[in-house]
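J.: Fold the stuff below for me.
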Amino acid sequence: MLLGGLAVLDVRGRSGQDAARAPQGAPTATVPARPPATGPGSTTGPGSTTGPGPTTGPGPAARTAPGSAPGGADPSGGPGGSGGPGGLGGPGGAVPGARPGRGGPSAALPGDAAVRDLLAARSRAVLDGDAAAWMGTVDGADAEQVTAQADLFARLAPLPLAAWDYALAGRGTADARRGERTVPVRLTYRLEGFDTRAVVREQRLVVVAAPGGRALVRAAAATPGVPDVWDLGPVQVREGPRSLVVARAPLPGGEAALARLVAEAERAVAGASARWSSPWPGRVVVVVPADAAEAGRLLARDAAQVARLAAVTTGLPGEHGAPTAGDRVVLVPGTYLGLGAQARRVVLTHETVHVATRAAGGREVPAWLSEGFADEVAYSAEGVPPRVVAAPLLALVRAGRGPAGLPTAADFATGAGLPYEAAWSACRRIVAVQGRGALAALYAAVQRDGLERAFADVLSTTPGAFEAQWAAGLRAAAGAR
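T.: Coordinates of the predicted model:
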């Protein structure tokens, strides 16, 4: 959805979810941002509101990764630092606890058993919060890389972890002259209380042999995989009863902004749960990168494209209809944080509906139903009148430029023809004729049984007949022939 398309709330962006069959770790579709609708409590401009906004009172204590790593490491990574997994930082002194440099032109290469022991020790150190044990796995030959490893551990400290496991994922490559192996590592983790299935990330480490048959980490190598937000720099973490916000530090607005995000996420979970009756965990993880460029890295998308969005729901697809894993609502701060209060709530509720529906797995749902259902839930949760949401679409129909049919995934990608409004109007028709329960039942039935059978069982019609009735209803509402 493009900014400037539908000025019905305030200038705001929104996005669609990723299709459930995306390549691992990468979304298949993003949707341009657009403005929403006005109504009671609507905003009068970006960042302002005429009605009550979300509460930002005292919340759970925020956890922030330490601003400097042991030994005076610069948390920003310093000039030339890499934001990839492992956080290759800038120049800094060696950290106490790191092992002295080993290896060299004639050093032996570490074997697989030693590398596995190394990875197990690093896994335990993260779960135990043991910085000394972590630094005991680091080779001290390169002070810059020692600082980078200390910085990475500091970034992980505020996360609520239920599981964190590094495993050797192959032989990798060897540089006998330098005595180094570059090995593929598979990280498997779960955020406690939020991830019901394991999240998998692919990383690479440069390891060297140490006395006693041990292996040590010399550096984190560049990896083609999708990072997590804590791989990009220090984070602030705040947990609510049903939400977790992980934001790059420092978040503009500080602790008050972090508390506001938690309040918005809590409200979004409540709105989604009230209108989606199928089982889901009822919890959401919201990720706030520093800017659109970082959001692009988290989503494996071009930064210029991402800058047009406000939020994207992403996760790892399940196989054979299984639920997605590690769903995250990624906010694009330049857009989302500049919106008015009601617009932010609509955006976040929309995305949280995607998290809820993806938890069921099952068959693929057409884009119009996925996005239209999320819009219907979000707008109704915020009390935005249907006539206000429908106005721009009806104006387009009167001008002879209305949608030719129900919007497809390609329509959402371009934003042409107000696809979100068209999808919402189709879902709103189901609500108006057969009730909100019928819409949720249709969605669940499509996931379970497929489109044709779901329409027959729930609406006693066919998808084609429904589309024709919807199009005729639009023309009648617009007063068009």
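J.: make it CA atoms for all contacts and neighbour counts henceforth
T.: Fine.
J.: residue contacts, the residue nearest to R275 when sequence neighbours are not counted?
T.: Nearest non-adjacent residue to R275, counting by Cα to Cα, 6 or more residues apart in numbering: V377, 6.6 Å away. V377 is in contact with G271, A272, R275, T349, H350, V353, counting by Cα atoms under 8 Å, 6 or more residues apart in numbering.
J.: For the third one, which residues are in contact?
T.: By that I understand R275. With Cα under 8 Å, 6+ apart, R275 has these contacts: V377, R436, A440.
J.: Looking at these, spot the one nearest A292.
T.: Of all the contacts of R275, A292 sits closest to V377, with 27.1 Å by Cα to Cα.
J.: Please save the CA atoms from stretch 198-211 in CSV.
T.: Extracted in CSV, the C-alpha atoms of stretch 198-211 (Å, rounded to 0.1, in the frame of the first residue of the first chain):
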residue,chain,number,x,y,z
ALA,A,198,12.5,-23.6,17.3
VAL,A,199,13.9,-20.8,15.2
VAL,A,200,16.9,-21.9,13.0
ARG,A,201,19.7,-19.5,11.8
GLU,A,202,22.7,-20.4,9.7
GLN,A,203,26.0,-18.9,10.8
ARG,A,204,29.7,-19.4,10.2
LEU,A,205,32.7,-19.3,12.5
VAL,A,206,36.4,-19.2,12.0
VAL,A,207,38.0,-21.6,14.5
VAL,A,208,41.6,-22.5,15.5
ALA,A,209,43.2,-25.3,17.4
ALA,A,210,44.3,-24.8,21.0
PRO,A,211,46.4,-26.9,23.5
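J.: in it, what's buried?
T.: 198-210 (16 or more other Cα atoms under 10 Å).
J.: picking that back up, from the contacts of V377, which land in strands?
T.: When those are checked against strands (DSSP state E), there are no matches.
J.: Please work out the average pLDDT along stretch 145-160.
T.: The average pLDDT within stretch 145-160 is 96.
J.: heads up, I number from 10, so please use that
T.: OK, 10 is where the count begins now, so the last one is stretch 154-169.
J.: Just give me how far that stretch sits from the chain centre.
T.: Centroid displacement of stretch 154-169 relative to its chain, using Cα atoms, centre = their mean, to the nearest Å, is 21 Å.
J.: same thing with stretch 481-490?
T.: Chain-centre distance of stretch 481-490: 38 Å, with Cα atoms, centre = their mean.
J.: And for stretch 478-488?
T.: 36 Å.
J.: which residues touch it?
T.: So stretch 478-488 is in contact with L403, A404, V406, R407, G414, A435, R438, R490, going by Cα under 8 Å, 6+ apart.
J.: Lowest pLDDT pick from those?
T.: Lowest pLDDT within these is found at R490 (60).
J.: Next secondary structure after the helix or strand harbouring the residue nearest to R284?
T.: Using DSSP states H and E, V386 maps to helix 376-390. Counting by DSSP H and E, the next helix or strand C-terminal to helix 376-390 is helix 395-407.
J.: Report the buried residues of that following helix.
T.: Per 16+ other Cα under 10 Å, helix 395-407 contains these buried residues: P395, V398, A399, A400, P401, L402, L403, V406, R407.
J.: Just give me the closest of those to A350.
T.: When the buried residues of helix 395-407 are compared against A350 (criterion: Cα to Cα), the nearest one is V398, at 17.3 Å.
J.: what's the pLDDT at the closest one?
T.: Looking at V398, its pLDDT reads 94.
J.: what does A71 give?
T.: On the pLDDT scale, A71 gets 47.
J.: Roughly how far does E360 sit from D336?
T.: Per Cα to Cα, to the nearest Å, E360 is found 10 Å from D336.
J.: Mind giving me the packing neighbours of the one helix or strand L448 maps to?
T.: Taking DSSP H and E as the definition, L448 sits inside helix 445-458. Packing partners of helix 445-458 (3 or more Cα pairs under 8 Å, 6 or more residues apart in numbering; DSSP states H and E): helix 376-390, helix 428-443, helix 460-463.
J.: tell me which residues in the lengthiest helix in the chain are buried?
T.: Counting residues, the longest helix found in the chain (DSSP state H) is helix 263-284. Under the neighbour-count criterion of 16+ other Cα under 10 Å, helix 263-284 has 264, 267-282, 284 buried.
J.: One more: stretch 224-242?
T.: So, applying 16+ other Cα under 10 Å, buried residues of stretch 224-242: 224-232, 234-242.
J.: roughly how far out does that stretch sit from the chain middle?
T.: Going by Cα atoms, centre = their mean, where stretch 224-242 is centred and where its chain is centred differ by 19 Å.
J.: how about the helices of the stretch 210-359 of the chain, start to end?
T.: 263-284, 301-308, 312-315, 342-345, 350-367 (DSSP state H, counting those that start in this stretch).
J.: Looking at those, which is nearest to G120?
T.: That would be helix 301-308 among the helices of the stretch 210-359 of the chain, by Cα to Cα, at 32.9 Å.
J.: Show me what that closest one is packed against.
T.: helix 312-315.
J.: Endpoints of stretch 454-464, how far apart?
T.: Start-to-end, stretch 454-464 (Cα to Cα) is 8 Å.
J.: what bits of the stretch 310-459 of the chain have low per-residue confidence?
T.: For the stretch 310-459 of the chain, applying pLDDT under 70 flags the ranges 327-330.
J.: Count the neighbours of W173 for me.
T.: 19 (other Cα atoms under 10 Å).
J.: Is it bridged to anything, and to what?
T.: Y198 (DSSP bridges).
J.: on that earlier part again, and the contacts of V386, which is closest to A418?
T.: Closest to A418, out of all of those and judged by Cα to Cα, is H359, at 16.8 Å.
J.: residues in contact with the closest one?
T.: Neighbour list for H359: A277, A383, D384, V386, A387 [criterion: Cα under 8 Å, 6+ apart].
J.: Kindly recompute the last result at 10 Å.
T.: Each residue near H359 by Cα atoms under 10 Å, 6 or more residues apart in numbering is listed here: 23-26, 277-278, 280-281, 320-322, 353, 380-388, 390.
J.: centre of the chain versus the longest helix of the chain, how much separation?
T.: On Cα atoms, centre = their mean, the centre of helix 263-284 falls 15 Å from the chain's centre.
J.: pLDDT averaged over it - what is it?
T.: The predicted confidence, averaged over helix 263-284, sits at 96.
J.: Kindly export it (C-alpha atoms) in CSV.
T.: The C-alpha trace of helix 263-284 is given here as CSV (Å, rounded to 0.1, in the frame of the first residue of the first chain):
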residue,chain,number,x,y,z
GLY,A,263,13.7,6.0,25.3
GLU,A,264,11.9,4.0,27.9
ALA,A,265,8.6,5.9,27.3
ALA,A,266,8.6,4.9,23.7
LEU,A,267,9.4,1.3,24.6
ALA,A,268,6.5,1.2,27.1
ARG,A,269,4.2,2.6,24.5
LEU,A,270,5.1,-0.1,22.1
VAL,A,271,4.4,-2.8,24.7
ALA,A,272,1.0,-1.2,25.4
GLU,A,273,0.2,-1.2,21.7
ALA,A,274,1.3,-4.8,21.3
GLU,A,275,-0.8,-5.9,24.3
ARG,A,276,-3.9,-4.1,22.8
ALA,A,277,-3.2,-5.8,19.4
VAL,A,278,-3.1,-9.2,20.9
ALA,A,279,-6.4,-8.6,22.7
GLY,A,280,-8.0,-7.4,19.4
ALA,A,281,-6.8,-10.4,17.4
SER,A,282,-7.8,-12.9,20.1
ALA,A,283,-11.3,-11.4,20.4
ARG,A,284,-12.0,-12.1,16.7
